[in-house]
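A.B. asks: I would like the atomic coordinates for the input below:
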Amino acid sequence: YRLVCAKIIRIKIKINMKQKLHSHLFEKSVISWRAPGYIYHEKSALWFIFAGIAVLGLVIYGLLSGGWTFSVAIIVFAGTYYLFYRNAPPIIEVKISKVGVKIGKHLFSYDKLKKFWIVYDVPFVKRLYLRTTSRLHPDIFVSLEDMDPSRIKTILKGHIPEKENGNEPFADALVRAFRL
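C.D. replies: The predicted model follows:
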């Protein structure tokens, strides 16, 4: 039993050391910048009035149609949205290195990235999109802020392919249009 426990501890230590070494390689960035953790849109009182009317309408519809769980889900969704987006987003550091891309605490080695594209339509959209191998969260985007998109494109092209005619995903355009 002691030998098994000691072996497990040694394996865990080796894995932890490899992870630390691997994350250290991400720190040696070729280019880095700071960006908001998510896109934050200032919302006026009128926006909140319309959103409140929509939530109230959906809750009433759910109750009248016998779908009380729908009404509860709408209330939970609206409350969660309000709590999450009432504050400005945290500022995260984005680093592109020789081994991958680091966005905040998340590390994406180049073998976990399928392709990238940049949507640059100033002043509306300035984003870097990364398509990952993950099935749960395949696309990740980060704001470019004041970075030169051609420089980022040149660096990433040396490691992963660029998506031809990469556009802003429809869902992101809706979020931007409705200032969600």
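A.B. asks: From residue 174, how far off is residue 55?
C.D. replies: Counting by C-beta to C-beta, to the nearest Å, the gap from residue 55 to residue 174 is 18 Å. For glycine as for every other residue, the C-beta is placed from the backbone atoms N, C-alpha and C.
A.B. asks: Which of these two has more residues huddled nearby?
C.D. replies: Just comparing residue 55 and residue 174: by other C-beta atoms under 10 Å the higher neighbour count belongs to residue 55, 18 against 10.
A.B. asks: Apart from its chain neighbours, what residue comes closest to the residue nearest the centre of the chain?
C.D. replies: In the chain, the centroid-proximal residue (C-alpha atoms, centre = their mean) is residue 140; its distance is 4.9 Å. Spatial nearest neighbour of residue 140, excluding adjacent residues (C-beta to C-beta, 6 or more residues apart in numbering): residue 130 at 4.8 Å.
A.B. asks: My guess is the one you found contacts residue 152. True?
C.D. replies: No. Residue 130 lies out of contact with residue 152 (C-beta atoms under 8 Å); the separation is 11.1 Å.
A.B. asks: Could you pull out the helices in the chain for me?
C.D. replies: For the chain, the helices defined by DSSP state H occupy 2-27, 45-64, 68-85, 149-157, 170-177.
A.B. asks: if we can go back for a sec, wait, isn't the residue nearest to the centre of the chain in contact with residue 117?
C.D. replies: No. Residue 140 is beyond contact range of residue 117, at 11.7 Å (criterion: C-beta under 8 Å).
A.B. asks: which residues are common contacts for these two?
C.D. replies: Both residue 140 and residue 117 are contacted by residue 129, under the criterion C-beta atoms under 8 Å, 6 or more residues apart in numbering.
A.B. asks: okay, and for this structure, where does confidence drop off?
C.D. replies: Residue ranges of the chain with pLDDT under 70: 1-26, 179-180.
A.B. asks: if we can go back for a sec, in contact with the residue nearest to residue 140, which residues are there?
C.D. replies: Contacts for residue 130 (C-beta under 8 Å, 6+ apart) come out as 101, 108, 113, 115, 116, 139, 140, 141, 142.
A.B. asks: hmm, back to that, which residues does the residue nearest to the centre of the chain contact?
C.D. replies: Contacts for residue 140 were tallied using C-beta under 8 Å, 6+ apart; they are 103, 108, 129, 130, 132.
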